[in-house]
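*Asks:* can't give you the sequence, but here's the structure:
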């Protein structure tokens, strides 16, 4: 099928070139026609006949029309031969542009509303004081107020104790304040004072009561690193035993905590309470006598 199309295409091309190159000599054709007609008249009469001018022009016009007809038929034949079949037209289906509906209009996403966070529960215990994550203290804008340090370790329903955590090492330490309340407290402020013995700097703090119930401030005052926890207004401390801890770096080697101290003030009902103490190591012999 492809070879046949190539042969036809070559033939059409050659015919087309021959038709374009052919230039008919109209004057010569007319002269031959006129000469033939003259000879025909001579053969009939035996002498040359003179044609009227009008009749001569009619003959010339007729001959011209005949030549034009021949040329037209020839051109039509050549054009038919070189005419290529036009490929069938194909219709392309074009879908109309859809009109956006109101539902398809883009809208900002609706963000889900987070539920109110549940208050943190006291998961720390005195038996593992160094396990809770450290809380980054906020720097105090002003020097922390010093709580009275002349009170005893117990005042009515409030009891306290201070100790250096056994997990402390040659570069880091944690001091714990334990507070016991036999009644609900509506006010409570706890303060820890760490003497600057060299290289002392805060590394964090925590408490076993809910974090959101207290504000914490840390600052330097009179050669001490001071941590202060204040119970927020409207919050309460239930009965129980609670721990407040301050963590800090210090110079290499064993650190003496004899100058460290703590103090706390509280309210139980209408009663104002206050306790204070230090971090001196307890004598085992004294403890044995007290137990006996």
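*Replies:* Perfect, thanks for sending it. The structure presented is a predicted model; accordingly, all values stated were derived computationally and were not measured.
*Asks:* CA atoms for contacts and neighbours, from now on please.
*Replies:* Fine.
*Asks:* which segments of this structure make up each domain?
*Replies:* Per the record's domain assignment (automatic domain parsing), the chain is made up of the domains 2-82, 138-281.
*Asks:* just those: most buried one?
*Replies:* Each of these was assessed for mean neighbour count using mean count of other Cα atoms under 10 Å. The highest is domain 138-281, with a mean of 18.
*Asks:* rounded mean pLDDT for it, please.
*Replies:* Domain 138-281 shows a mean pLDDT of 93.
*Asks:* which stretches of the stretch 101-250 of the chain form strands?
*Replies:* Secondary structure of the stretch 101-250 of the chain (DSSP state E, counting those that start in this stretch): strands at 138-139, 154-155, 158-164, 172-181, 187-195, 201-207, 214-221, 224-231, 240-249.
*Asks:* in JSON lines, list the ones you listed along with distance to residue 265.
*Replies:* Below are the strands of the stretch 101-250 of the chain laid out as JSON lines (distance: least, Cα to Cα, whole Å):
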{"stretch": "strand 138-139", "distance to residue 265": "21"}
{"stretch": "strand 154-155", "distance to residue 265": "10"}
{"stretch": "strand 158-164", "distance to residue 265": "9"}
{"stretch": "strand 172-181", "distance to residue 265": "11"}
{"stretch": "strand 187-195", "distance to residue 265": "5"}
{"stretch": "strand 201-207", "distance to residue 265": "16"}
{"stretch": "strand 214-221", "distance to residue 265": "14"}
{"stretch": "strand 224-231", "distance to residue 265": "10"}
{"stretch": "strand 240-249", "distance to residue 265": "14"}
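*Asks:* for residue 260, which of these is the nearest?
*Replies:* Nearest to residue 260 among the strands of the stretch 101-250 of the chain is strand 187-195; the distance by Cα to Cα comes to 4.8 Å.
*Asks:* ok, residues contacting stretch 224-233?
*Replies:* Contact with stretch 224-233 is made by 144, 187-196, 200-202, 213-220, 246, as judged by Cα atoms under 8 Å, 6 or more residues apart in numbering.
*Asks:* stretch 266-284 now?
*Replies:* Stretch 266-284 is contacted by residues 148-164, 183-189, 257-265 when judged by Cα under 8 Å, 6+ apart.
*Asks:* is it fair to say residue 31 lies in a strand?
*Replies:* No. Remark: residue 31 does not belong to a strand; assigned using DSSP: H, G, I helix; E, B strand; the rest coil, it is helix.
*Asks:* tell me the spacing between it and residue 25.
*Replies:* Counting by Cα to Cα, to the nearest Å, the separation of residue 31 from residue 25 is 10 Å.
*Asks:* before we move on, what about residue 149?
*Replies:* Residue 149 is 139 Å from residue 25, by Cα to Cα.
*Asks:* likewise residue 146?
*Replies:* Distance from residue 146 to residue 25, by Cα to Cα: 132 Å.
*Asks:* show me the contacts for the nearest residue to residue 186 once chain neighbours are set aside.
*Replies:* Spatially, and ignoring its direct neighbours in sequence, residue 186 is nearest to residue 236 (4.7 Å; Cα to Cα, 6 or more residues apart in numbering). Neighbouring residues of residue 236 by Cα under 8 Å, 6+ apart: 184, 185, 186, 187.
*Asks:* and which of those is nearest residue 171?
*Replies:* residue 187 (35.1 Å).
*Asks:* who does the closest one form a beta bridge with?
*Replies:* residue 267 (DSSP bridges).
*Asks:* run through the residues that contact it.
*Replies:* With Cα under 8 Å, 6+ apart, residue 187 has these contacts: 231, 233, 236, 237, 265, 266, 267, 268.
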